[in-house]
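> what's the 3D shape of this:
(one chain, ligands or ions: 2)
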Amino acid sequence: MKIFAIETSCDETSCSIIEDGIKEIVTITTSSANLHLKTGGVVPEVAARKQSDSILPAIDECIKTSGLDDLSQIDKFAVTVGPGLIGSLVVGVSAAKSLSLLYQKPLIPVNHLIGHIYGNFINNEHYKEIKFPAIVLIVSGGHTDLVLMKDHGVFEYLGGTLDDAAGEAFDKVARLLGFSRYLGGAELSRCAASCTDKLNYNLFPRAMLDRDNYDFSFSGLKTASLRAYEKNTFSVSQLAYEFEASVVDVLVGKTIKAAQKYKVGTILLGGGVSANKKLREQIFEEGKRYNKKVFFPNLSYCGDSAAYIAGAAYFTYKKMPKKQLQDIIPDPSLTIMDVYP
Ligand SMILES: Nc1ncnc2c1ncn2[C@@H]1O[C@H](COP(=O)(O)OP(=O)(O)OP(=O)(O)O)[C@@H](O)[C@H]1O
Ligand SMILES: [Mg+2]
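Numbering: from 1, shown residues only. Ligands and ions are numbered 1, 2, ... in the order given. All right, here's what the predicted structure looks like:
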């Protein structure tokens, strides 16, 4: 089954055709991130306008690159309906509805956060080793959630951040340390990896790690980073290293604790921060120690991509309540537990 998906939740315009939820035929993604560098953050109206400029060229390029004559060979359409910026979501949902009407094929509404999980299945030759129940850690720019995945589309919420998302904390501290003013998380991480004079002590707290729950808090870490920076005692790479170590210790510690408690053998990561090298290495090592199989999406499916929206649609549509086209509407405030939006 071929699904054509559209993702426009924030500043990426992405279209993808995925076969049977696992095989990528084509994905075209453009980003307006360079516009947001100037303002040091997304201005929603600027992002929405750019979505509107980019959506038709992205659809067009997706069809041309796919080798298909047109979209009549597509079985279903899928689209991100939330969470995200309302103006950006409206562009993608409107385009997807038009295609669904034109080609008379069903449209599947997808929660972007559920989408992140399905990045693990695409172009992964080992996807059949993903067994349920599994523990899922979603770590992105806007979300940090830990859930128990009992089956495709069946989730139990375990915990999440009480304040900043992990990616948001990376970005705020990156800006403080003088990296990019917009999405500096990856830059901060590269600097941390280059640190040659590590302090090797826990400069920053491991917030909530010893609590008997699956919640997170990263806003204190931001303040602690600021205080340490103001002291002028530590180098930027030392601070980057200590910050990253603190975030990764907490993410890995809580995820492994959940995997042990719920006796699962599989751990899945998703979201932009799951591209983080230290997080990948540390959770993989800990997973080995506790006999858990750990999966991460390919790097191209960590950030926003329509590929995993098509994947999520494929694996969940059978359980999804049927919806009329007019009832498929953007919802910026969906949570990970709104599995069938
Ligand atoms: N290597 C890395 N290390 C740490 N953080 C990273 C890395 N690469 C990307 N990020 C962070 O990932 C985030 C972007 O991820 P993503 O695109 O999934 O988030 P989003 O779309 O803003 O939020 P959401 O998906 O929750 O709506 C940014 O905060 C970015 O700094
Ligand atoms: Mg996203």
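> for the helix or strand containing residue 310, packing partners?
Using DSSP states H and E, residue 310 sits within helix 306-316. For helix 306-316, the elements it packs on are strand 2-7, strand 12-19, strand 23-31, strand 76-82, strand 107-111, helix 112-118, judged by 3 or more C-beta pairs under 8 Å, 6 or more residues apart in numbering; DSSP states H and E. Quick note: C-beta positions are derived from backbone N, CA and C, even for glycine.
> the last one: which residues count as buried?
Across helix 112-118, burial judged by 16 or more other C-beta atoms under 10 Å covers 112-118.
> which residue does this structure have closest to ligand 1?
Here the chain gets closest to ligand 1 at one residue, residue 272, 1.8 Å apart by C-beta to the nearest ligand atom.
> so what's the residue nearest to residue 323 when sequence neighbours are not counted up against?
Leaving aside its chain neighbours, residue 323 sits nearest to residue 109 (6.6 Å; criterion: C-beta to C-beta, 6 or more residues apart in numbering). Residue 109 is in contact with 78-79, 81, 323, 328, 340-341, counting by C-beta atoms under 8 Å, 6 or more residues apart in numbering.
> show the buried residues in these.
Applying 16+ other C-beta under 10 Å to the contacts of residue 109 flags 78-79, 81, 328, 341 as buried.
> quick revisit: also near ligand 1: which of the buried residues of helix 112-118, exactly?
Near ligand 1, judged by C-beta under 6 Å from any ligand atom, the entries from these are residue 112.
> just name the closest of the buried residues of helix 112-118 to residue 242, please.
residue 116 (27.4 Å; C-beta to C-beta).
> name the helix or strand for residue 62, please.
Residue 62 belongs to helix 44-66, assigned by DSSP H and E.
> in PDB, list the C-alpha atoms belonging to that helix.
Output of helix 44-66 as PDB, limited to C-alpha atoms (Å, rounded to 0.1, in the frame of the first residue of the first chain):
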ATOM      1  CA  PRO A  44       4.300  31.800  13.400                       C
ATOM      2  CA  GLU A  45       3.000  34.000  10.600                       C
ATOM      3  CA  VAL A  46       6.300  33.900   8.800                       C
ATOM      4  CA  ALA A  47       6.400  30.100   9.000                       C
ATOM      5  CA  ALA A  48       2.800  29.800   7.800                       C
ATOM      6  CA  ARG A  49       3.400  32.100   4.800                       C
ATOM      7  CA  LYS A  50       6.500  30.100   3.800                       C
ATOM      8  CA  GLN A  51       4.400  26.900   4.100                       C
ATOM      9  CA  SER A  52       1.900  28.300   1.700                       C
ATOM     10  CA  ASP A  53       4.700  29.200  -0.800                       C
ATOM     11  CA  SER A  54       6.400  25.800  -0.500                       C
ATOM     12  CA  ILE A  55       3.600  23.300  -0.400                       C
ATOM     13  CA  LEU A  56       2.700  23.000  -4.100                       C
ATOM     14  CA  PRO A  57       6.400  22.900  -5.300                       C
ATOM     15  CA  ALA A  58       7.000  20.200  -2.600                       C
ATOM     16  CA  ILE A  59       4.000  18.100  -3.800                       C
ATOM     17  CA  ASP A  60       5.100  18.600  -7.400                       C
ATOM     18  CA  GLU A  61       8.700  17.500  -6.800                       C
ATOM     19  CA  CYS A  62       7.600  14.600  -4.700                       C
ATOM     20  CA  ILE A  63       5.500  13.200  -7.600                       C
ATOM     21  CA  LYS A  64       8.200  13.900 -10.200                       C
ATOM     22  CA  THR A  65      10.900  12.200  -8.100                       C
ATOM     23  CA  SER A  66       8.700   9.200  -7.300                       C
END
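> let's verify the residue of the chain positioned farthest from its centre: helix, strand, or coil?
The centre of the chain is farthest from one residue, residue 233, which by C-alpha atoms, centre = their mean lies 34.9 Å away. Following DSSP: H, G, I helix; E, B strand; the rest coil, residue 233 is assigned to coil.
> so what's it up against?
No contacts exist for residue 233 under C-beta under 8 Å, 6+ apart.
> appreciated, that's everything.
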